[in-house]
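[1] coordinates only, sequence not included:
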């Protein structure tokens, strides 16, 4: 395991980005040829191998190093490269954070295909989405998935600490997992509402809408869990028993979002087009609940000023409306975890079904429509 072996893969034809847009590679292939392995370039002879704990508990990280992670050796390079110019945070700071938060974030990545957005020169440099992996060390698990008829994409699967560090080393700041696991790919085990604000909307208003989403779900006997997006908005997760297909989950999300928006017309909309939204409205985005789409994982870093992190919240914090996404960064999130633990853990353990809730929701929607017609 000391020497890295890479899986060599050929180009894919088409793949969606995390918001669903598709892009094409310059090279197109009618079929997917599978995986071909090749040896990595030999490491520098004088490059030391250090234990992970020793390395990450040391001071400032710089230069190149190889780090022993379990049985594997991960090559890290240019650790002193500045990724957040205004804050002075480096690639080494990013890699160190993912090492320190690994036991919390890995359960939300395990067995899930991951979509990367890479920033090889930091957050102010060129960035690009990557779904297909053409090469990867042997400790990185990959899965070949059909994304279109006759076409496959080789995704990284987020299984272990070595993979987490490898992804940070190649400039992948965020972690975007699918909503389903590779062993049950067509049945998501959570659904997400993405509260996406327009310009000039306070985070207190976003919190207000999130509470309305929670209350509507509570009427259906469903529990949900909030987290900051790490950017400007908030995500509300509904954990699921992975027995429903994406179509049913998407229908439920649409109906629930529409109901909540109708109850909060001044601050909420399900209208996707910016030009059609009223000033002061938050887009209650239900459309990320489709096969192949994703939102950023809990505890993922964001390419934003301050190196913010997507942080799970308590509902009492949301109701108080005093938190903002800027409150949680790679420099303080570990202290919060030490105090509060993993607030999002029920998302992994609670198995909720949607059949009865969807029937209730249909009835509620009909009552709302009939009431509006009579008015």
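    Yep, it's here. Please read these numbers as outputs of a predicted model, since none were measured by experiment.

[2] Number of residues surrounding residue 348?
    The number of residues packed near residue 348 is 14, by other C-beta atoms under 10 Å. Where C-beta positions appear, they are placed from N, C-alpha and C, glycine not excepted.

[3] Next: the one 10 residues further on.
    Taking other C-beta under 10 Å as the neighbour definition, residue 358 ends up with a count of 18.

[4] Contacts only, for it.
    248, 251-252, 255 (C-beta atoms under 8 Å, 6 or more residues apart in numbering).

[5] That one belongs to a helix?
    Yes: counting by DSSP: H, G, I helix; E, B strand; the rest coil, residue 358 is found in a helix.

[6] Tell me who's in contact with the most centrally placed residue in the chain.
    Centroid-nearest residue in the chain, with C-alpha atoms, centre = their mean: residue 296, separated by 2.1 Å. Counting by C-beta under 8 Å, 6+ apart, residue 296 touches 174-176, 229-230, 235, 302, 310.

[7] returning to that earlier point: is it possible to get JSON lines of the contacts of residue 358 that adds neighbour count?
    Putting the contacts of residue 358 into JSON lines (neighbours: other C-beta atoms under 10 Å) gives the following:
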{"residue": "248", "neighbour count": "16"}
{"residue": "251", "neighbour count": "17"}
{"residue": "252", "neighbour count": "24"}
{"residue": "255", "neighbour count": "17"}
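
[8] Return the member of those residues nearest to residue 198.
    Ranked by distance to residue 198 (C-beta to C-beta), the contacts of residue 358 are led by residue 255 at 23.2 Å.

[9] what kind of secondary structure is the closest one in?
    Assigned by three-state DSSP, the conformation of residue 255 is helix.

[10] from what I can see it touches residue 360, true?
    No: contact criterion C-beta atoms under 8 Å: residue 255 and residue 360 do not qualify, at 10.1 Å.

[11] Mind listing the residues bridging to residue 145?
    residue 153 (DSSP bridges).

[12] Around it, how many other residues sit close by?
    Residue 145 has 20 nearby residues by other C-beta under 10 Å.

[13] Can you give me the separation between it and residue 308?
    Residue 145 sits at a distance of 30 Å from residue 308 (criterion: C-beta to C-beta, to the nearest Å).

[14] follow-up on the earlier one: tell me the secondary structure at the residue nearest to the centre of the chain.
    Reduced to three states by three-state DSSP, residue 296 is coil.

[15] With residue 238 instead?
    Under three-state DSSP, residue 238 falls in the strand class.

[16] What number of residues are in the vicinity of it?
    When neighbours are counted by other C-beta under 10 Å, residue 238 comes out with 27.

[17] what are the ranges of the helices in the chain?
    52-56, 91-105, 161-169, 203-219, 246-263, 315-320, 333-340, 345-349, 355-374 (DSSP state H).

[18] Out of those helices, which is closest to residue 115?
    The nearest among these, by C-beta to C-beta, is helix 161-169 at 11.0 Å.

[19] by how many degrees do the closest one and helix 91-105 diverge?
    Orientation check (axes from the mean of the first three to the mean of the last three C-alpha atoms, to 10 degrees): helix 161-169 against helix 91-105 gives 140 degrees.

[20] List the buried residues of helix 161-169.
    Neighbour-count burial for helix 161-169 flags 161-169 (criterion: 16 or more other C-beta atoms under 10 Å).

[21] Please name every helix or strand in contact with that helix.
    strand 65-69, strand 72-76, helix 91-105, strand 151-157 (3 or more C-beta pairs under 8 Å, 6 or more residues apart in numbering; DSSP states H and E).
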